[in-house]
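**Q** give the three-dimensional model of this entry:
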Amino acid sequence: MEATADSLPWAAQCAGAALFAAALCVTALGVVLVFLRRWPWCSCHVCRAYLTGSWARDFTNLGDWYAHLLRESPTGTIHVHVLGCTVTANPANVEYMLRTNFDNFPKGKAFAALLGDLLGGGIFNVDGHAWRHQRKMASLELGSVAVRSYAFGIVAQEVESRLVPVLAAAADAGAVVDLQDVFRRFAFDTICKISFGLDPGCLEREMPVSRLADAFDVATRLCAMRGAAASPLVWRAKRLLNVGSERELREAIALVDELAAAVIRERRKLGVAGSHDLLSRFMASAGAGDGDDKYLRDIVVSFLLAGRDTVSSALTTLFMLLSKNPGVAAAMRAEAGDGESAAPLTYEHLKGLHYTHAVLYENMRLFPPVQFDSKFCAGPDVLPDGTYVAGGTRVTSGLVIAKIT
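**A** Numbers count the residues shown, from 1 in each chain. As a prediction, the model looks like this:
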């Protein structure tokens with residue numbers, strides 16, 4: 001009896017270990033079966049090129065490769081089956097998704113999961129009522145004469161006191177400058193001033209490093225890498241284990257959250273009454289109190305996303321095109337008056353620069369600052385070009401439209 005009693009704990013341990021191993025095997029088998037069932041196995045040339053990365057031998061970026069494929073497509077639409085994605089450059093399809101049948105093409109939960117850690121419940125990551133509410137508030141604020149005049153004054157001051165001196169100093173010294181970096185700093189300074197009333201000073205002569213700008217760069221880049229993964233299981237597993245790029249992303253977002261909280265605290269400390277920056281106006285119009293920091297944090301991040309890389313990208317490509325078309329640059333200077341007028345430049349004067357506006361629009365047609373716009377098809381649908389789109393399929397448009405027209 002004593003021997004039997006002594007052996008029971010050991011037997012129980014063995015049984016427990018066996019049951020645990022069996023449960024682990026069953027779970028692993030279940031995951032494999034689900035993976036095999038849902039994985040869109042495909043051996044077409046597009047999917048093979050995507051999975052092997054062979055497209056990179058002939059194209060510098062994914063957008064150029066997509067544009068090449070779309071030029072060869074009779075309908076201007078292609079499928080990347082391993083991503084469960086349909087890519088279209090057909091204008092009728094784009095209009096159908098964005099206007100005619102807008103409600104059937106939300107951003108979707110899959111998109112929200114990709115960017116949720118960074119964007120939270122901001123306007124770029126929500127659908128339905130939340131999106132309409134934020135869009136209405138943003139339209140009211142951005143459309144007001146007071147905000148536009150305030151933004152014009154900030155941009156004019158930033159150009160005169162920082163951007164022009166930096167470029168002039170480089171020209172006098174015969175130095176080479178990275179225009180994209182200069183414009184990114186210019187855009188970050190202006191968007192922070194316009195949005196939060198705070199000056200990070202990134203475009204000072206010393207070209208200081210901004211912790212918020214660097215952390216935001218890392219976070220946006222790694223979130224984009226999530227969307228390029230062949231399966232969401234890859235980045236979800238890395239996030240669960242807190243390893244690799246997901247660990248780096250978590251650290252970057254933690255820093256963004258910390259600095260965004262500091263911006264909100266500083267704005268509350270300075271007060272919102274009489275302030276024209278967008279954050280103050282949102283806080284005042286929404287009655288944001290101490291319990292709304294998460295909502296305000298998402299607004300801060302959304303402003304940064306909307307106003308930084310888009311502006312710097314557009315300015316960079318604009319000056320690249322102007323360098324290749326000096327006649328256009330001369331016409332723009334002539335329209336602006338070549339600086340002959342002693343009268344200060346005003347917002348109303350800018351509105352009358354029709355040729356300059358046309359140049360800006362053409363620049364953004366050729367090089368859209370937002371490369372891709374992805375939607376998810378909520379229910380089965382047929383696009384105007386006859387393409388069938390199953391429910392849950394990601395449908396992407398954007399840069400590729402300009403590239404093939």
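
**Q** give me the spatial nearest neighbour of the residue positioned nearest the centre of the chain, chain neighbours excluded.
**A** Among the residues of the chain, the one closest to the centroid is residue 305, at 5.9 Å (CA atoms, centre = their mean). Computed as CB to CB, 6 or more residues apart in numbering, the closest residue to residue 305 that is not its neighbour in sequence is residue 124, at 6.3 Å. Just so you know, the C-beta spots here come from the backbone N, C-alpha and C atoms, and that holds for glycine as well.

**Q** low-confidence regions, the chain specifically.
**A** 1-16, 26, 28-41, 230, 285-291, 338-343, 398-405 (pLDDT under 70).

**Q** please enumerate the strands of it.
**A** 77-80, 85-88, 372-376, 381-382, 388-389, 394-398 (DSSP state E).

**Q** pick the most deeply packed of these.
**A** strand 85-88 (a mean of 24; mean count of other CB atoms under 10 Å).

**Q** okay, now the residue nearest to residue 239 when sequence neighbours are not counted: neighbour count?
**A** Setting aside the residues directly before and after it, residue 239 is nearest to residue 246 in space (CB to CB, 6+ apart), at 4.2 Å. If you count neighbours by other CB atoms under 10 Å, residue 246 ends up with 21.

**Q** OK, contacts around residue 246?
**A** By CB atoms under 8 Å, 6 or more residues apart in numbering, the contact set of residue 246 is 222, 235, 238, 239.

**Q** hmm, who's touching stretch 259-279?
**A** For stretch 259-279, using CB under 8 Å, 6+ apart, the contacting residues are 141-142, 146-147, 150, 193-198, 211-212, 215, 280-281, 283-284, 293, 296-297, 299-301, 303.

**Q** so how far is the first residue of that stretch from its last?
**A** Using CA to CA, to the nearest Å, the end-to-end distance of stretch 259-279 comes out at 15 Å.

**Q** could you list the buried residues of that stretch?
**A** Judged by neighbour count (16 or more other CB atoms under 10 Å), stretch 259-279 contains these buried residues: 259, 260, 263, 264, 267, 268, 272, 275, 276, 277, 278, 279.

**Q** out of these, which two sit at the greatest distance?
**A** 259 and 276 (22.2 Å; CB to CB).

**Q** ok, and what's touching stretch 182-197?
**A** For stretch 182-197, using CB under 8 Å, 6+ apart, the contacting residues are 150-151, 154-155, 158-159, 162-163, 166-167, 198-203, 207, 210, 213, 263, 267, 270, 275-280, 300, 303-304, 306-312, 315-316.

**Q** for ChimeraX, what selects the buried ones among these?
**A** A single ChimeraX command selects the buried members of these (16+ other CB under 10 Å):
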select :150,151,154,155,158,162,163,166,198,200,202,203,210,213,263,267,275,276,277,278,279,280,300,303,304,306,307,308,309,310,311,312,315,316
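
**Q** next step: the contacts of stretch 182-197 restricted to helices.
**A** Of those, the ones assigned to helices by DSSP state H are 150-151, 154-155, 158, 166-167, 213, 263, 267, 270, 278-280, 300, 303-304, 306-307, 309-312, 315-316.

**Q** next, count neighbours for residue 100.
**A** Neighbour count of residue 100, defined by other CB under 10 Å: 12.

**Q** same check on residue 229?
**A** Quick note: residue 229 (other CB under 10 Å) scores 15 neighbours.

**Q** ok, it - contacts?
**A** Residue 229 makes contacts with residue 235, as judged by CB under 8 Å, 6+ apart.

**Q** mind checking which of the contacts of stretch 259-279 are buried?
**A** Buried members of the contacts of stretch 259-279, counted by 16+ other CB under 10 Å: 147, 150, 193-198, 212, 215, 280-281, 283, 293, 296-297, 299-301, 303.

**Q** backbone phi and psi for residue 73, please?
**A** As for residue 73, its main-chain torsions (degrees, to the nearest 10) stand at phi -80, psi 130.

**Q** distance of it relative to residue 45?
**A** To residue 45, residue 73 is 13 Å away according to CB to CB, to the nearest Å.
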